[in-house]
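# my questions concern the predicted model and sequence given below.
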Amino acid sequence: MTIPALDHSTTGYCLPHAYWMARAAGLAALDRADIEAQAPAWGFGEVRYFESTHKMPFPIEDTQAYVMASDRMIVTGFRGTEVEKIRDWLTDVDTPPVPGPGNRGFVHYGFHQALESVYPEVRDTILELRDNGQSVWFTGHSLGAALAMLAGARMYFEEPHLLADGVYTFGQPRTCERLLAAAHNKAFAERCYRFVNNNDIVPHLPPEPAYTHVEALRYFDADGGLHTVMPLIATVRDRVKGVGEDLFAPETDAIKDHHLLNYVAAFERNLARTG
């Protein structure tokens, strides 16, 4: 199978670009030296790395992000976290939410704090490097997915009111309540895509009704097929199928399906089918 190269002229949704945004989300998990080494190989001449450490009433020790720019495209990626850490964190419903971007609705306190620790530098860097009208993209996996969605929202709902060309998230937890979700859905129609892999546990956290998801779901079924629409009954049957196929796996299906490598593998299977 031949994977198409990252097309820096892309401005809308397509399967190869979604694949590369998943790869870009994984890039955020590397250290500074590895990110700086990989970015030029993908055609990005500028790369900046951001890291903050902070003390919060949640098991998140730091936030990491990067911005890489070419003369056609700027990609910002946020690092995720281990599934056990984020699961413990997101099941804590005692912390009240805080006002969302531009005072639209509310967001989970932990997501707000984690993003705030790097966002001013990320925003200023995007504006600095965007000297040729480049397209702007945000991506992330797990915790990084929530931060990518919120960073895109802040860029638009607050200064500089820049609407990203795309926000791609993978295994994103519920990040905000319904008012912000509605505002986001309207502003980011055909620009935000939230990928969920079969039984991935993280998209089911924190619990409803306090928090909800933004729209534009893209669902990988137990066989790796990609769906834009999946009826409820079919989804339930598919999740049962996924559990049954992994009964004797060393880790639960809900955790296995959260790993970004399994998202990337599902993209590769779909690219092979369409190629």
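The structure has been received and is ready for your questions.
# now do stretch 199-210: distance from first to last residue.
The first and last residues of stretch 199-210 sit 21 Å apart, counting by C-alpha to C-alpha, to the nearest Å.
# how distant is it from the center of its chain?
Using C-alpha atoms, centre = their mean, to the nearest Å, we find the averaged C-alpha position of stretch 199-210 to lie 15 Å away from the chain's own average C-alpha position.
# list the buried residues of that stretch.
With burial defined by 16 or more other C-beta atoms under 10 Å, the residues of stretch 199-210 counted as buried are Asn199, Asp200, Ile201, Val202, Pro203, His204, Leu205, Pro206. In short, each C-beta sits where N, CA and C put it, glycine included.
# among these, which are in helices?
Using DSSP state H, the subset of these located in helices is empty.
# how about the secondary structure of the closest residue to Arg104 other than its chain neighbours?
By the measure of C-beta to C-beta, 6 or more residues apart in numbering, the closest residue to Arg104 outside its immediate chain neighbours is Ala183, 4.6 Å from it. Secondary structure of Ala183, reduced to three states by DSSP: H, G, I helix; E, B strand; the rest coil: helix.
# pretty sure His8 is touching Trp42, no?
No. Using C-beta atoms under 8 Å, His8 is not in contact with Trp42, being 9.0 Å away.
# which residues sit against stretch 174-190?
Residues outside stretch 174-190 that contact it (C-beta atoms under 8 Å, 6 or more residues apart in numbering) are 12-13, 90, 97, 100-101, 104-108, 111, 146, 149-150, 152-153, 156-157, 163-164, 167, 192, 203-206, 208, 210-216.
# do you know how far the residue nearest to Arg104 is from Glu177?
Between Ala183 and Glu177 the computed distance is 11 Å (C-beta to C-beta, to the nearest Å).
# tally of neighbours for the residue nearest to Arg104?
Using other C-beta atoms under 10 Å as the criterion, Ala183 is surrounded by 20 other residues.
# report the contact partners of Phe138.
Contacts here follow C-beta under 8 Å, 6+ apart; on that basis Phe138 touches Val75, Thr76, Gly77, Phe78, Ala148, Met149, Ala151, Gly152, Ala164, Gly166, Val167, Tyr168.
# that one pairs with what?
On the basis of DSSP bridges, Phe138 is bridged to Thr76, Val167.
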